[in-house]
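**Q** just a sequence and a predicted model for now, questions to come.
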Protein chains: 2
Amino acid sequence: MKIAILTIGNELMSGRTADTNSSFIAREANLQGWQVEAMLSVGDDFAAIKSRLDYLLPLADVIICTGGLGPTTDDITTEAIARAFGRSLFTDEKSLNYIKDLFARRNFAWVENNTKQAIFPEGAEIIPNTMGTAPGFALKVNAKWIFVIPGVPRESQIMFPRGVIPILQREFPEKEQFIAKQTIKTFGLGESAVDKALSDVDFNALGVNIGFYPIFPENHIVLVSRKKTAEEAQEKLKLAANEVTTRLGKYIFAYGEETLEAIAGKLLKEKKLTIAVAESCTGGLITSRLTDVPGSSEYLERAAVTYSNAAKVSLLGVPAGIIEKHGAVSEETARLMAEGVRKMAGTNLGLSSTGIAGPDGGSAEKPVGTVYLAVSDGKETICRRYVYKWDRKRNKLIFSQAALLLLKNYLEGKR
Amino acid sequence: MKIAILTIGNELMSGRTADTNSSFIAREANLQGWQVEAMLSVGDDFAAIKSRLDYLLPLADVIICTGGLGPTTDDITTEAIARAFGRSLFTDEKSLNYIKDLFARRNFAWVENNTKQAIFPEGAEIIPNTMGTAPGFALKVNAKWIFVIPGVPRESQIMFPRGVIPILQREFPEKEQFIAKQTIKTFGLGESAVDKALSDVDFNALGVNIGFYPIFPENHIVLVSRKKTAEEAQEKLKLAANEVTTRLGKYIFAYGEETLEAIAGKLLKEKKLTIAVAESCTGGLITSRLTDVPGSSEYLERAAVTYSNAAKVSLLGVPAGIIEKHGAVSEETARLMAEGVRKMAGTNLGLSSTGIAGPDGGSAEKPVGTVYLAVSDGKETICRRYVYKWDRKRNKLIFSQAALLLLKNYLEGKR
């Protein structure tokens, strides 16, 4: 089955927004064994949308459109699709009530132009949107299927797998309909290095599709096995996953969809351990990630962002002499920060970061991107030094990633 | 002048690589006053490339192609272009010497298939590549221009402005070539409400283009004015910006590209004030955003993420009786947190957050999404209560936004 992707929006044509939906949809489609024939972007313009649809229709069995479902006057996708295929429009009361309800729950004043998002072309099968106001829809036109979902990646990237793929599976049934899927998350290798490490594996021979998803600073690998029985699908998936593990084992931190912070949190909960965090260069980001996990107040007691040296001394009890002698960015300071916050908070564990996020402040010995991370349990303190080469915000993110990984490895008894 | 962009590569169609070239080229083209009519991606396939070119040619004056200039057998763009327009191929000795020289300087062994990168269609104007081995080229076909540059973003994103734009300026001189641009950032209104507030303004009559860009939890408005003189472009832009200000003034927090945290930081610096932060529900996110700004250590002294009540008591000096009586999520606690962290850190200001990010922990009186934010200067403490209705991560983000806005307003003397 062949797919074409049409992303719609003036913000794409002006370059203000980069289209991430096409690559997401292409990856997901490829994992299902469907071929993407063309990807096209077009502005919010009736004639242009019609012309692009006319061009794409003969090329593919299915056209996936994203964007232009907003409430504003420049959002014309639904009407453009209806006009292109000579369909009238109708208001779906169920969708309208859902949107009104969402506004009420969010304490937003109801604006009448939002009713627009409950209007669909005659014959449309409505695709719910659990992340926002605009539902999507599927429309059968002769033997072809047209899908329309929002352009907001947060919405489209949930609606495509949950709303579109099931309809496509129903309409284009495959003989091999049992699917087993495995996400493997890695950290510490670039995308091309991950690719190269796996280049000798013949995933085709196993009948397993592989997809690569770089989500800075992680690289996710997704394996999809499609077979005639659930058992066979699982079996081939396991073989493929084993090949990945053999080659990338030490870079893998998750088998599944869980985030690193959720995994660390689960381990803390299982082991009934509490933690406190002392952050310098990460500026609160480690703790913010830990608290992104619902229920994290069970194990996270407190954190101190000791940005100044005075705070490191007075709050964490790092001796001023140590900072003077070794520097605020040093193994000694990182160790004493982890130990100090643990004592101050009365927790089982202390976790710390001190480094240079940039753009300034580096030296030959400790260049921008240097970070010291430590975890302490009162008996033992483990410290790691890394040097990364990104900009300030990405350095902060990768520092926090390395800190959470240090914590996870500690909790799993890996030294 | 109208432009179409054709990105070429199997890695795009599999979703393995997200296309960032199209949005880059579109942005650069828009700034020149050129309109992007379509963006298309296609695999490394002779027939498909020919078909896409045939479709794009009537739509645009110029087609910019990226990708498929590598040395391997699947890189076929040059030959596909030559075939599509009936041109023979020739080897450019100057380019060949450049490539060989680059290999020698990089200590790479010369591989014979790299000669391919010095081959061009007859009549091509060669565009140098200072970042890699493959030069690009421009080809005039009747009244149209076809450009081909590499797909590697590091290379294409230098070659487009330096190599392609000068040729386009030479070939398509514009009358209205002066551009003025203004970004206006708002917070507190949904996209549709922003749109509605501006619906009575005739931006067309002013000759100013307007774009809406929702970047949660902010909504950005971009105005672009293109005129025959720089003065006129500025003047019309100012009129349009005034119309926006009249209607949305109280929701506007920035004129320009600066982030809210950078603006708050600049105000702190200007006023030579230091700050400490006490966070509960935001879990470090306010401080992480403040420290995203280079040089923030000048004003941010420290922060305490007091997730437990014990931490609020022992670190910030919030009396246990207050928490017991009013709750950890209360105006009283928020005020005492801001005052407490200010005293503890010895800073001019204290900023605090306490609330319920969700998904659990709400009550009828204080539902999930409730947040109390306070800023204190030792004389006065200002507290605000908001209720938001997002999921945990977005609640944290919007809480941090409201906190930074409270700080900015305080610093600007707005109560």
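**A** Nice, I can see it. Numbers count the residues shown, from 1 in each chain, chains lettered A, B, ... in the order given.

**Q** name the element the closest residue in space to A:Leu407 that isn't next to it in sequence belongs to?
**A** Excluding its sequence neighbours, the residue lying closest to A:Leu407 (C-beta to C-beta, 6 or more residues apart in numbering or on different chains) is A:Ala264, at 5.0 Å. C-betas here are computed from N, CA, C, even on glycine. According to DSSP states H and E, A:Ala264 maps onto helix A:260-270.

**Q** tilt between the helix or strand just after that helix and helix A:260-270?
**A** Downstream of helix A:260-270, the next assigned helix or strand under DSSP H and E is strand A:275-279. Counting by axes from the mean of the first three to the mean of the last three C-alpha atoms, to 10 degrees, strand A:275-279 points 140 degrees away from the direction of helix A:260-270.

**Q** list of residues touching strand A:275-279?
**A** A:268, A:285-287, A:290, A:299-306, A:312, A:316, A:337-338, A:340-342, A:344-345, A:347-353, A:407, B:284, B:305 (C-beta atoms under 8 Å, 6 or more residues apart in numbering or on different chains).

**Q** redo that, cut-off 6 Å
**A** A:286-287, A:299-305, A:316, A:337, A:341-342, A:345, A:347, A:349-353 (C-beta atoms under 6 Å, 6 or more residues apart in numbering or on different chains).

**Q** among those residues, which ones are in strands?
**A** A:300-305, A:349-353 (DSSP state E).

**Q** may I ask which of these has the most neighbours?
**A** Most neighbours among the ones in strands among the contacts of strand A:275-279, by other C-beta atoms under 10 Å in any protein chain shown: A:Ser352, with 36 neighbours.

**Q** tell me how far it lies from A:Thr282.
**A** 9 Å (C-beta to C-beta, to the nearest Å).

**Q** before we move on, what about A:Glu365?
**A** From A:Glu365 to A:Thr282 the distance is 21 Å (C-beta to C-beta).

**Q** between those two, tell me which one has more neighbours.
**A** Neighbour totals were compared for A:Glu365 and A:Thr282, and A:Thr282 leads with 32 against 8 (other C-beta under 10 Å).

**Q** sec struct for that one, please.
**A** What DSSP: H, G, I helix; E, B strand; the rest coil gives for A:Thr282 is coil.

**Q** identify the residue nearest it in space, chain neighbours excluded?
**A** A:Ser353 (4.5 Å).

**Q** check contacts around that neighbour.
**A** Neighbours of A:Ser353 in contact, by C-beta under 6 Å, 6+ apart: A:279-282, A:373, A:399, A:403.

**Q** I'd like those residues laid out as a markdown table, including distance to A:Lys414 and pLDDT.
**A** Below are the contacts of A:Ser353 laid out as a markdown table (distance: C-beta to C-beta, whole Å; pLDDT from 0 to 100):
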| residue | distance to A:Lys414 | pLDDT |
| --- | --- | --- |
| A:Glu279 | 23 | 98 |
| A:Ser280 | 25 | 98 |
| A:Cys281 | 24 | 98 |
| A:Thr282 | 22 | 98 |
| A:Leu373 | 15 | 98 |
| A:Phe399 | 20 | 98 |
| A:Ala403 | 15 | 98 |
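
**Q** and those, which are buried?
**A** With burial judged by 16 or more other C-beta atoms under 10 Å in any protein chain shown, the buried subset of those is A:279-282, A:373, A:399, A:403.

**Q** picking that back up, now the ones in strands among the contacts of strand A:275-279 in JSON lines, with pLDDT?
**A** Below are the ones in strands among the contacts of strand A:275-279 laid out as JSON lines (pLDDT from 0 to 100):
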{"residue": "A:Leu300", "pLDDT": "98"}
{"residue": "A:Glu301", "pLDDT": "98"}
{"residue": "A:Arg302", "pLDDT": "98"}
{"residue": "A:Ala303", "pLDDT": "98"}
{"residue": "A:Ala304", "pLDDT": "98"}
{"residue": "A:Val305", "pLDDT": "98"}
{"residue": "A:Leu349", "pLDDT": "98"}
{"residue": "A:Gly350", "pLDDT": "98"}
{"residue": "A:Leu351", "pLDDT": "98"}
{"residue": "A:Ser352", "pLDDT": "98"}
{"residue": "A:Ser353", "pLDDT": "98"}
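
**Q** A:Ala328: neighbour count?
**A** For A:Ala328, using other C-beta under 10 Å, the count is 22.

**Q** now swap in the one 10 residues further on and tell me
**A** The local packing of A:Ala338 (other C-beta under 10 Å) involves 29 other residues.

**Q** quick check: residues of the stretch 151-300 of chain A near chain B?
**A** Residues of the stretch 151-300 of chain A lying close to chain B by C-beta under 6 Å from any C-beta of the partner chain are A:212, A:283-285, A:287-288, A:291-292, A:294, A:297, A:300.

**Q** list the buried residues of stretch A:92-112.
**A** Result for stretch A:92-112 [16+ other C-beta under 10 Å]: buried residues A:92, A:95-96, A:98-99, A:102-103, A:108, A:111.

**Q** near chain B, which of the residues you listed show up?
**A** Contacts with chain B within these, as defined by C-beta under 6 Å from any C-beta: A:108, A:111.

**Q** what's the distance between whichever residue of the stretch 101-250 of chain A sits closest to chain B and B:Gly369?
**A** Across the stretch 101-250 of chain A, no residue is closer to chain B than A:Arg106, which sits at 3.8 Å (C-beta to the nearest C-beta). A:Arg106 is 9 Å from B:Gly369, where distance means C-beta to C-beta.

**Q** good, wrapping up.
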